[in-house]
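A.B. asks: Quick one, structure for this:
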Amino acid sequence: MQLPVHESPPDTPGQRRADAARIQRALNASLAAVLLVLLAFWAQQSFDWRPFAVAPHTLHGLWGILAAPLLHGSPAHVGANAVSLLLLGTLAGTVYPRATWRALPLLWLGSGLGAWLLGEPGSLHLGASGVTHGLGFLLFSLGVLRRDRAAVAAGMIAFMFYGGMLLTVLPREPGISWQAHLGGAVAGLVAAWLFRRADPLPPRKRYSWELEEEAEAP
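C.D. replies: The predicted structure follows:
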């Protein structure tokens, strides 16, 4: 049995240009973030970075909440986080440009607060992995909350590449700041709830029975 349906809104040249521009903006912003992280890693070779890391349960360690995501412990560390920032940042910024910009301060602060509150005394925490976990959980959660096709697709793509983030928010390996991961993940969940309606929903295909019900309604 086939029911007549209304066609989806046409993909006009103007819409295609707007989509391409949104992707380009998200990519440029993600590349700028990666460049900033790489420059900070290069610069930290020439100074003592330890005062700028998160030192749990200390007043001076609070400064690390602002600075620690820019610092990294090794080339492999900064490389892994740079790739995550590029992929997740571009995906989130393309599908949810408004929500992503509004969520970033929460993800940044949540990552540092998680490390400061839950970290072991005497330890130091640094790296952007808490922010990337925040982006990942933002994408997972918005796919569930919004449930439009673009949101579900973005959530599935993020889960395909970074579904392991669901496990790295718990203690697994020594030397891995699961506390920052957990703080970023919680911030991502909160941001998804707060900003789930920041970006407009895409137009949805209307079925004939929906139009008939609307026409019959008083």
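
A.B. asks: From now on I want contacts and neighbour counts done on CA atoms only, so please keep to that.
C.D. replies: Noted.

A.B. asks: now the helices for this structure?
C.D. replies: Taking DSSP state H as the criterion, the chain carries its helices at 13-43, 64-67, 75-95, 97-118, 129-146, 149-162, 178-194, 208-216.

A.B. asks: For residue 50, find the nearest of these.
C.D. replies: Taking C-alpha to C-alpha, helix 64-67 is the member of the helices of the chain nearest to residue 50, at 9.0 Å.

A.B. asks: Check the offset of that closest one from the chain's centre.
C.D. replies: 18 Å (C-alpha atoms, centre = their mean, to the nearest Å).

A.B. asks: Check which helices and strands that helix sits against.
C.D. replies: helix 97-118 (3 or more C-alpha pairs under 8 Å, 6 or more residues apart in numbering; DSSP states H and E).

A.B. asks: what residues does the helix it packs on touch?
C.D. replies: 22, 26, 54-57, 61-62, 64-66, 68-69, 92-93, 125, 130-131, 134-135, 177-188, 191-192, 195-196, 198-199 (C-alpha atoms under 8 Å, 6 or more residues apart in numbering).

A.B. asks: in that helix, what counts as buried?
C.D. replies: Within helix 97-118, the residues that count as buried by 16 or more other C-alpha atoms under 10 Å are 97-100, 103-104, 106-118.

A.B. asks: Run the chain-centre distance for that helix.
C.D. replies: Worked out by C-alpha atoms, centre = their mean, helix 97-118 lies 9 Å from the chain centre.

A.B. asks: ditto for stretch 32-47
C.D. replies: Per C-alpha atoms, centre = their mean, the centroid offset for stretch 32-47 relative to its chain is 21 Å.

A.B. asks: Look at residue 76 and say how many residues are nearby.
C.D. replies: 10 (other C-alpha atoms under 10 Å).

A.B. asks: what's the spacing between it and residue 46?
C.D. replies: 19 Å (C-alpha to C-alpha, to the nearest Å).

A.B. asks: repeat for residue 155
C.D. replies: 40 Å.

A.B. asks: Spatially, what comes nearest to residue 178 if we skip its sequence neighbours?
C.D. replies: residue 169 (5.1 Å; C-alpha to C-alpha, 6 or more residues apart in numbering).

A.B. asks: residues contacting that neighbour?
C.D. replies: 178, 179, 181, 182, 185.

A.B. asks: phi, psi of it?
C.D. replies: phi -90, psi 0 (degrees, to the nearest 10).

A.B. asks: That one and residue 134: what is the separation?
C.D. replies: Counting by C-alpha to C-alpha, the gap from residue 169 to residue 134 is 11 Å.

A.B. asks: Find residues that contact each of those two.
C.D. replies: 181, 185.

A.B. asks: do you know how far the closest residue to residue 191 other than its chain neighbours is from residue 201?
C.D. replies: Residue nearest to residue 191 in three dimensions, not counting chain neighbours: residue 103, with 5.4 Å by C-alpha to C-alpha, 6+ apart. Distance, residue 103 to residue 201, by C-alpha to C-alpha: 18 Å.
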